[in-house]
Every structure is written in structure tokens, then in C-alpha cells.
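Visitor: Okay, predicted coordinates and the sequence, questions at the end:
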Amino acid sequence: MEETISLKEITEVIKKRLVLILSFILGAAFIAAVLSYLVLTPEYQSSSQFIVNQAQQEEEAGQFTQENLRTNVEIINTYNVIISSPAILEPVIDELGLNLTPGQLADKINVSSEEDSQVVTVTATDENPAQAVDIANTTVEIFQEEIPSIMNVDNVAILTQAELSENPSPIAPNPVLNIAIGVVLGAMLGVGIAFLLEYLDNTIKTEQDIAKQLGVPVLGVISHVDENDIRGHQQATLEQTETTGRRDLHGAKKTV
């Protein structure tokens, strides 16, 4: 027989284990806050852009067609690969004196372009905001210098350079987002463990548990009486007896 659980039972389980659930939520939020503010290293981003133009000969002739634009857009995919290659990154490392390999530097650089756009954005990420700016600008500059010898074309012009702001803001970590994720995960884990504990708890506590487990109706209930209840009952009986005796004695005196 398939067992079902009602909304009322779900609510009762949550109320019963509310302290446990709140503990998981607060614990997960605290861990996320500690990781965000004390453990994870902030990372900064800076971007530089260049544009792929038509060839110099076509500029002088004044002949710029849609086909030229399409060719420039297609060649951007090749440029994206070249920018991340050792041919460009090794001179960048030498220029900036970085203690990185070309592969490590490539992980810090992202090259992107909008669809059907001649503008390419080179974004550098680093723990030092000033170094992120230097990496982005130097990469684009060296790419502009080297591309004529690599592909025998001179159609790259720098559009914008990365600049260091007065108060740079890190892009990661995001404490608010991390804490929110921690709260959600903590709530999910807390509720899951609460229902797991409830499922594993097979002790009988109420008459309904007996009827549910054994499938028989409850005919009667024997109350539990501890020593304190017995002593309290004996004390109350003794006090009542003494009171009754005093009343009888007082009545007899009046009669005499």
C-alpha cells in the first residue's frame, strides 16, 4: 500500500524540527560569509577593446563592401585563438615581468565579441586590479604589433584601453549571493534531515501511532503515574482527611 503524507503532517514535522532547520540555515549562511570575506581572494576585471578594420589598400581605394565586413567578422575567430597563444602571451609575460606560464596567463584572459560585430573585447582577471589593467592593455598592444607578421595583415586598431578606477570593485566573490545560496542550501539540507529523522523514528508516542502501526483500534489508555503524582495524591488525601477531622471535632464541640 502506497504511503502518503498530508500537508498537515509536513507542517508538523517542520514545526517539530524547526530548531534543527534554523541551525542548518544559520550555519550555512555563516560558513558562506566566512568564505566570502575571509577565505576567498577577491578578483578584479579590466577590459580593453580593438576593432578589426578593412585592409589598408581598400581604405585608400574607398572600397568597403558588405563582403569585406563579413570577412573581417569571420577572421575574428582566428584572432581569438591567436590572442591566447604563446606567440602573444610570452611577450606579454616578458613585458610585465609576470611569474606565469603562457597557459596560466591564458586562464586569466577572456576574448569575446558580439555576433556580427568587428569589436573584440579582451578581459583580464587578476587578484591585483592594477595588474588586471596592465594585462588587458599589454595583450591588445602586443597583439596589434605582432599580427602583421603572423598573418600578413594590418587591420587591427585599438578602440578603448582599460583604466584603473579610484575604488575598483571585485567581481568575485559576491558575498550577498554566496550567503543567499548558503541559506537556500542550508534550508534544503535542514528540511531533508528533519524528514529523514522523522522517517527513521519508529517509536510509538500517541494513540494514532498505535492504530497506524498495528492497524487496530485503541480501546483504552493507561495513564502513566510516577512517584511524584502518588506522593502528591497521598499528601492531598492526608490534608483533606485532617481538614475533615477538624471540622467534625469543631462540630462536636458546638453540640456539647
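Guide: That came through, no problem.

Visitor: Domain map for this structure?
Guide: The record's domain parsing of the chain by automatic domain parsing lists 7-39+173-200, 44-160, 207-255.

Visitor: buried stuff in stretch 107-127?
Guide: Within stretch 107-127, the residues scored as buried using 16 or more other C-beta atoms under 10 Å are 108-111, 113, 118, 120-126. Where C-beta positions appear, they are placed from N, C-alpha and C, glycine not excepted.

Visitor: how much space between Ala130 and Val92?
Guide: With distances taken as C-beta to C-beta, to the nearest Å, Ala130 is found 15 Å from Val92.

Visitor: higher neighbour count, the two?
Guide: Taking neighbours as other C-beta atoms under 10 Å, Ala130 and Val92 compare with Val92 leading, 25 against 12.

Visitor: need the contact list for that one.
Guide: By C-beta atoms under 8 Å, 6 or more residues apart in numbering, the contact set of Val92 is 98, 105, 135, 138-139, 142.

Visitor: Glu95 reaches Thr138, doesn't it?
Guide: Yes: using C-beta atoms under 8 Å, Glu95 is in contact with Thr138, at 5.4 Å.

Visitor: If you count surrounding residues, which of the two has more?
Guide: Taking other C-beta under 10 Å, Glu95 and Thr138 do not tie; Thr138 has more neighbours (20 against 14).

Visitor: So which other helices or strands are in contact with the helix or strand containing the more buried one?
Guide: Applying DSSP states H and E as the criterion places Thr138 in helix 129-151. Under the contact criterion of 3 or more C-beta pairs under 8 Å, 6 or more residues apart in numbering; DSSP states H and E, helix 129-151 touches strand 44-52, helix 66-83, helix 86-96, strand 109-113, strand 119-126, strand 156-160.

Visitor: ok, the fifth one: who's next to it in the sheet?
Guide: Using DSSP bridges, the neighbouring strands of strand 119-126 in the sheet come out as strand 44-52 (antiparallel), strand 109-113 (antiparallel).

Visitor: Same list, these, but as TSV with mean pLDDT and distance to Gly186 please.
Guide: Formatted as TSV, those follow (pLDDT from 0 to 100; distance: least, C-beta to C-beta, whole Å):
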stretch	mean pLDDT	distance to Gly186
strand 44-52	93	30
strand 109-113	91	32
